[in-house]
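Peer 1: When you get a sec, could you give me coordinates for this:
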Amino acid sequence: MSHRSRRGAALGCAALLAPLVAGATACSGSSSDPLAAEPYDAAGEIAANVPGGNRKADPDRPLEVTATDVDEARITDVTTTDAAGRYLRGALNADGTRWHTTQPLAAGTRYTVRVSTEDEDGEPGRKVLQVDTAEADNRLHVTFGPESGTYGVGQPVTAELSKPVKDRKARAIVEGALKVDSTPRVEGSWHWVDSKTLHFRPRAYWPAHTVIDVRSNLEGLKVSGALRGGPAKPVKLRTGDRVEAITDAAGHYMTVKRNGEEINTIPVTTGKPGYSTRNGTKVILGKESFVRMTGSSIGIPTGSSDSYDLPVYWATRVTWSGEYVHAAPWSVGSQGAANVSHGCTGMSSGNAQWFFNTVKVGDLVTVVNSAGENMTPFDNGFGDWNLSWAQWRKGSALDQAGFTGAGAERQPGPGGAARLRPGL
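Peer 2: Sure thing, here's the model as predicted:
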């Protein structure tokens, strides 16, 4: 029986019952309110441009829903959602004959399409479609860093892409899909280091004891051409106390603070002329209780007057090129008085062990009043904090000032990180 015959039967039933009991509810079709009518199945009157059988829809083609016979039914509304409940935007033409998506479909996704119709008499109809889109052949994968765990308040979030992205519009799509949520909330931004690397940092350091959730909404999204986003593993980070070490290279001492309060002052030695320690803020990259340091690892010829080969303890790394804060028992006489190292910050074994046990990866080490060059932002560790907020924002593809690019391509080493070269 068609929906038209069902309506006729319902009207006849209402007419027969009306003389018997006013407002009787024994016949469910007696209501004159069109909103109370049970929608009929509009399957035969609605079509979609999706392949039949087990074939999946092309995510690069817009999804279209059409009314096959406008005299039988016209489309009044279409709601399309994915499995996570996200809506897919679309547009319906004025006569209700065609609806189409106005944003790209995600690849490898199931959409539920709910179509509402009405016929010439105003009777509502409904059709529900399930549309599966094909997997993308060309996927862009994202790897977030660091791994989930607790870090210092200077730790930036990193995103490594599996393929280079150079077009600004494509970068905006990628950047907009990489989400960093924190409690408490902070103002922050992504910065494109190069075509495959992004860093995220707040305007100021992370607050102490912040919870940071990092995730990607890129999966299935069209980035450019045939390139679509792939899945990404989320990470959850926490920050500990705000621990900062400030080294005055001219004064030969380091001041260590926790949450703004000074907790130690340590006599140190830094880089001598020709090997001056870099000025600026560095983020602790790692801690090694023992490292064998050689002059040849930083280009000093073996056998020269500056050559060395020494076991070093309580070494806290701050650059990939081999700058550490470490124990230097051989220079205790100069600590607090002169700079005699090859670029590292040296201190007594007891002080180095205390420092090693006090700081964590992501804590901050700042050097001032050195004759050395300034710490670069990206090519030798995390020098992110040496850029002003205005400079940082210029590295965002979403920033209104426009993307200008920044940073150098890093030379990959083991595990995708720049090569580690211990110095002294």
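Peer 1: Would you enumerate the residues in contact with the residue nearest to the spatial centre of the chain?
Peer 2: Residue closest to the mean C-alpha point of the chain, counted by C-alpha atoms, centre = their mean, is residue 178 at 3.2 Å. When contacts are counted by C-beta atoms under 8 Å, 6 or more residues apart in numbering, residue 178 touches 142, 159, 190, 198, 200, 214, 216, 217, 218. For glycine as for every other residue, the C-beta is placed from the backbone atoms N, C-alpha and C.
Peer 1: Now tabulate these in TSV and tack on pLDDT, neighbour count and secondary structure.
Peer 2: Formatted as TSV, these follow (pLDDT from 0 to 100; neighbours: other C-beta atoms under 10 Å; DSSP: H, G, I helix; E, B strand; the rest coil):
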residue	pLDDT	neighbour count	secondary structure
142	97	22	strand
159	98	24	strand
190	98	24	strand
198	98	26	strand
200	98	22	strand
214	98	24	strand
216	97	22	strand
217	96	15	coil
218	95	26	coil
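Peer 1: ranges for the strands of the stretch 1-150 of the chain?
Peer 2: Remark: strands assigned in the stretch 1-150 of the chain by DSSP state E, counting those that start in this stretch are 40-41, 46-48, 64-67, 74-82, 90-92, 98-101, 110-118, 124-132, 138-140, 142-145, 149-151.
Peer 1: List the contacts of the third one.
Peer 2: Spelled out, it's strand 64-67. With C-beta under 8 Å, 6+ apart, strand 64-67 has contacts from 45-49, 73-75, 78, 96-101, 113, 115, 117, 129.
Peer 1: at 7 Å what do you get?
Peer 2: Strand 64-67 is contacted by residues 45-49, 73-75, 78, 96-100, 113, 115, 117 when judged by C-beta atoms under 7 Å, 6 or more residues apart in numbering.
Peer 1: What's the ChimeraX line that selects buried ones from the residues you listed?
Peer 2: Applying 16 or more other C-beta atoms under 10 Å to the contacts of strand 64-67 leaves a buried subset, and the ChimeraX line that selects it is:
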select :45,46,48,73,74,75,78,96,97,99,113,115,117
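Peer 1: related to what we said a few turns ago, any chance of the strands of the stretch 1-150 of the chain in TSV, plus distance to residue 250?
Peer 2: Formatted as TSV, the strands of the stretch 1-150 of the chain follow (distance: least, C-beta to C-beta, whole Å):
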stretch	distance to residue 250
strand 40-41	83
strand 46-48	73
strand 64-67	71
strand 74-82	60
strand 90-92	65
strand 98-101	64
strand 110-118	65
strand 124-132	67
strand 138-140	48
strand 142-145	35
strand 149-151	30
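Peer 1: For the spatially closest residue to residue 104 that is not a sequence neighbour, give its distance to residue 165.
Peer 2: Closest residue to residue 104 apart from its sequence neighbours, by C-beta to C-beta, 6 or more residues apart in numbering: residue 222 at 4.2 Å. For residue 222, the distance to residue 165 (C-beta to C-beta, to the nearest Å) stands at 13 Å.
Peer 1: Looking at these two, which is more packed in?
Peer 2: residue 165 (23 against 19; other C-beta atoms under 10 Å).
Peer 1: Adjacent strands (with direction) for the helix or strand hosting residue 223?
Peer 2: Assigned by DSSP states H and E, residue 223 falls within strand 222-224. As defined by DSSP bridges, the strand partners of strand 222-224 come to strand 227-229 (antiparallel).
Peer 1: residues making contact with the partner strand?
Peer 2: By C-beta under 7 Å, 6+ apart, the residues outside strand 227-229 that reach it are 107, 136, 138-140, 163, 177, 218-223.
Peer 1: Of these, just the buried ones, PyMOL syntax please.
Peer 2: PyMOL command restricting these to the buried ones, with burial defined by 16+ other C-beta under 10 Å:
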select buried, resi 107+136+139+140+177+218+219+220+221+222+223
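Peer 1: Can you measure across stretch 296-306, start residue to end residue?
Peer 2: Distance across stretch 296-306, first residue to last, is 10 Å (C-alpha to C-alpha, to the nearest Å).
Peer 1: in it, what's buried?
Peer 2: Neighbour-count burial for stretch 296-306 flags 297, 298, 300 (criterion: 16+ other C-beta under 10 Å).
Peer 1: Low-confidence bits of the stretch 301-424 of the chain, can you list those?
Peer 2: For the stretch 301-424 of the chain, applying pLDDT under 70 flags the ranges 400-424.
Peer 1: now the helices for it?
Peer 2: In the stretch 301-424 of the chain, the helices defined using DSSP state H, counting those that start in this stretch lie at 349-358, 389-393.
Peer 1: circling back to that earlier point, could you dump the buried residues of stretch 296-306 into TSV and include pLDDT?
Peer 2: TSV is the format used below for these (pLDDT from 0 to 100):
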residue	pLDDT
297	72
298	73
300	79
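Peer 1: In strands, which of those residues fall?
Peer 2: Within the buried residues of stretch 296-306, no residue falls in strands by DSSP state E.
Peer 1: which one of these is nearest residue 399?
Peer 2: Residue 399 lies nearest to residue 298 out of those, by C-beta to C-beta, at 37.1 Å.
Peer 1: so how far is residue 352 from that closest one?
Peer 2: Residue 298 sits 20 Å away from residue 352, going by C-beta to C-beta.
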